[in-house]
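Student: A structural model of the following input is requested.
(one chain, ligands or ions: 1)
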Amino acid sequence: MTSPAPIDLHTDPKLFDGVDVYAVAGNPISHSKSPLIHARFAQQSKQAMHYGRLQPELGGFAKAAQEFFTAGGKGMNVTVPFKLDAQALADVLTPRAQLAGAVNTLWNRDGKVYGDNTDGAGLVRDLLAQGIALHGARILLVGAGGAARGVLGPLLDQSPKHLVLANRSSAKADELVALFAGLAKAKNTTLESATLESLEDAKRTTPFDLVINATAAGLDNQSPLSNTAAANIFVPSSFAYEMLYGKTTSFMQQALQRGSRVSDGLGMLVEQAADAFLLWRGADLATTIDPRVVLAELRS
Ligand code: ATR
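Tutor: Here you go, the predicted structure:
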């Protein structure tokens, strides 16, 4: 006998007759703020919907997602560690999901599963909402994993002057730079890779307008930057953006010590959710939802 589907009882679409059902899938998932965020967007735009949590077993994403959609699920957000599985599952990928190499938003339309990635757009909107100019800026993106790849395209779309992609191991950074070289050229952006170590060289490293930490180092209470590198990179006019949220990480502390402004990634979470909500429920609802109000509520 096969084991029962790992559908959270509060998310099984069959239990919500007449109401469109959505879910966020991740492992672990109990900490996710997405149900709260989407419930507020639904309230603001007067949409009747249910949004629950799913925790597929590792290796069990495809089965759980297929069962969710077969049971009538309308759409799904996907978080760690299933964004690559979600990309593999989608029948149709948007161009930005292809470029991002990962999917955070799925929806079912006419029996086909569509996949998109709203992470990069969410980051860009949060930065712009905080008054950070991206056009013509000097940006340092730290990390070359899935999180960095997911935001690189939307950042380049804003035509920064210079974007340096720095990673602990150079091979991954070189790979991403090669992959995005065409887009960078079209946007008149100088796109370069660097190692974290090379940022310690004061002769070769000048301060940046915007430094984004797309590594997972903060989860281990570490910063990807040494203090020597941080001293070269941050000045009071710099803005440091940490993609994690919920704590002041070592990376943020390094920036604060040098007088720079900092932000965690909670705004990115809310803004990527807003894009997913509009993909599912209709772009015409854009004027009815207010992600900045939802963000302020989450922070209070
Ligand atoms: P994600 O999807 O979160 O980006 P990932 O694809 O595993 O996860 O990538 C993790 C990124 O964080 C990588 O850029 C990794 O650097 P390496 O490619 O050199 O492994 C980076 N990273 C993780 N922990 C780090 C640390 N303590 N210091 C510096 N970089 C770190």
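Student: List, one by one, the residues from the stretch 1-150 of the chain near the ligand.
Tutor: Within the stretch 1-150 of the chain, the positions near the ligand by CB under 6 Å from any ligand atom are 143, 144, 145, 146, 147, 148. Quick note: C-beta positions are derived from backbone N, CA and C, even for glycine.
Student: Burial check on residue 207, number of neighbours?
Tutor: If you count neighbours by other CB atoms under 10 Å, residue 207 ends up with 17.
Student: Please apply the same query to residue 286.
Tutor: Residues near residue 286, counting by other CB under 10 Å: 12.
Student: go on, residue 68?
Tutor: 29.
Student: what is the mean pLDDT for the helix or strand hosting it?
Tutor: Assessed by DSSP states H and E, residue 68 sits inside helix 61-70. The predicted model assigns helix 61-70 a mean pLDDT of 96.
Student: Can you give the contact residues for it?
Tutor: 5-7, 11, 13, 23, 25, 54, 56, 76, 78, 82, 85-86, 88-89, 106, 108, 113 (CB atoms under 8 Å, 6 or more residues apart in numbering).
Student: Buried members of those into ChimeraX, please.
Tutor: Filtering those down to the buried ones (16 or more other CB atoms under 10 Å) takes a single ChimeraX command:
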select :5,6,7,11,13,23,25,54,56,76,78,82,85,86,89,106,108,113
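Student: Export the helix holding residue 68 to CSV, keeping only CA atoms.
Tutor: Written as CSV, here are the backbone C-alpha positions of helix 61-70 (Å, rounded to 0.1, in the frame of the first residue of the first chain):
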residue,chain,number,x,y,z
PHE,A,61,7.4,17.6,-4.0
ALA,A,62,6.2,16.5,-7.5
LYS,A,63,3.8,14.0,-6.0
ALA,A,64,2.4,16.5,-3.5
ALA,A,65,2.0,19.2,-6.0
GLN,A,66,0.4,17.0,-8.6
GLU,A,67,-2.1,15.8,-6.0
PHE,A,68,-2.8,19.3,-4.9
PHE,A,69,-3.5,20.5,-8.4
THR,A,70,-5.5,17.3,-9.3
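Student: Can you point out the buried residues in that helix?
Tutor: 61, 64, 65, 67, 68, 69.
Student: Any chance of these in JSON lines with distance to residue 128 as columns?
Tutor: As requested, the buried residues of helix 61-70 are exported to JSON lines (distance: CB to CB, whole Å):
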{"residue": "61", "distance to residue 128": "32"}
{"residue": "64", "distance to residue 128": "35"}
{"residue": "65", "distance to residue 128": "32"}
{"residue": "67", "distance to residue 128": "38"}
{"residue": "68", "distance to residue 128": "33"}
{"residue": "69", "distance to residue 128": "34"}
